[in-house]
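A.B. asks: Take this sequence and fold it.
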Amino acid sequence: MDARRPVVRDARRDEGDAIAALLARAFARNPFVRWLVPDDDRYARVGSGLFRIGVEREMAHGIVHVTDDHAGAALWLAPDAPAPGPLAQLALAWTTMRLLGSRTPAGIRATLEMERRRAAQQPNWYLTVLGTIPERQGTGVGTTLLRPMLERCDREGIAAYLESSDPDNVPFYERFGFVVLDELRFPGGPRMPLMLRRPSRKAP
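C.D. replies: Numbering: from 1, shown residues only. Take a look at the predicted model:
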């Protein structure tokens, strides 16, 4: 294992597929993701495609940070990101159906509810995804990925928001000043804490 501290940088457009693939690996045992795609074979086929949706959106309307060694990535949606128009919504619905199959209704309901809850806390930089490949989890990659944007939030006086798709990760985010506001519960699925970090005069 490379013990050096990874360097965080803005992702390049041509790295979209690689970032989606590393996130699919990072979330291969994530409670929420696997509630949506419980079948291992299907996840192996569609996991990268699920994360590619977010990578493309955040590259266009936010910030995608990746470590120089592709050990992890963080996807942030900007406070002023526009809502998708009718054609974009149609394309997204088609892509979702292709990826999730019979789980599409559950995925759409979850997405709409998450967006409704986040909108109530605007303006915020929205951490849609933070992931580290399995063999590097617990080595500080996530911390290194978080710091640049949290420091920016402090400078700009803007809150940061996230849904913790794995409740076990709540203590990690609390270390950086995030607090649990509420949680979502999905029928037959996991609970999802909703967390907000208000800007601080002192970076973490």
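
A.B. asks: Sketch out the strands for this protein, chain order is fine.
C.D. replies: Listed in chain order, the strands found in the chain under DSSP state E are 8-10, 62-67, 72-77, 124-132, 159-163, 179-185, 191-197.

A.B. asks: Select the helix or strand of the protein having the lowest average pLDDT value.
C.D. replies: Scoring the helices and strands of the chain by mean pLDDT, DSSP states H and E places helix 86-100 at the bottom, with a mean of 83.

A.B. asks: if we look at that one, which residues are touching it?
C.D. replies: Helix 86-100 is contacted from outside by L36, V37, V46, G49, L50, I53, P84, T104, A106, G107, I108, using Cβ atoms under 8 Å, 6 or more residues apart in numbering. Just so you know, the C-beta spots here come from the backbone N, C-alpha and C atoms, and that holds for glycine as well.

A.B. asks: Could you list the buried residues of it?
C.D. replies: Taking 16 or more other Cβ atoms under 10 Å as the neighbour-count basis, helix 86-100 is seen to contain the buried residues T96, L99, L100.

A.B. asks: where's that helix relative to the chain centroid, distance-wise?
C.D. replies: Distance of helix 86-100 from its chain centroid, counting by Cα atoms, centre = their mean, to the nearest Å, is 19 Å.

A.B. asks: cool, stretch 157-165 as well?
C.D. replies: On Cα atoms, centre = their mean, the centre of stretch 157-165 falls 10 Å from that of its chain.

A.B. asks: Compute the first-to-last residue distance for it.
C.D. replies: Distance across stretch 157-165, first residue to last, is 26 Å (Cα to Cα, to the nearest Å).

A.B. asks: Can you pull out the residues in contact with it?
C.D. replies: Residues external to stretch 157-165 that are found in contact with it (Cβ under 8 Å, 6+ apart): 27, 30-33, 79, 114, 118, 121, 123-128, 130, 149-150, 153, 170, 173, 178, 184, 190, 192-199.

A.B. asks: OK, contacts around the residue nearest to the spatial centre of the chain?
C.D. replies: In the chain, the residue lying closest to the centroid (Cα atoms, centre = their mean) is V129, at 1.3 Å. Residues touching V129, when contacts are defined by Cβ under 8 Å, 6+ apart, comprise L23, F51, G54, A73, A74, L75.

A.B. asks: Take those residues and write them to TSV, including distance to A160, neighbour count and pLDDT.
C.D. replies: Converted to TSV, the contacts of V129 look like this (distance: Cβ to Cβ, whole Å; neighbours: other Cβ atoms under 10 Å; pLDDT from 0 to 100):
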residue	distance to A160	neighbour count	pLDDT
L23	19	29	98
F51	20	27	96
G54	16	19	94
A73	16	29	98
A74	11	28	98
L75	13	24	98
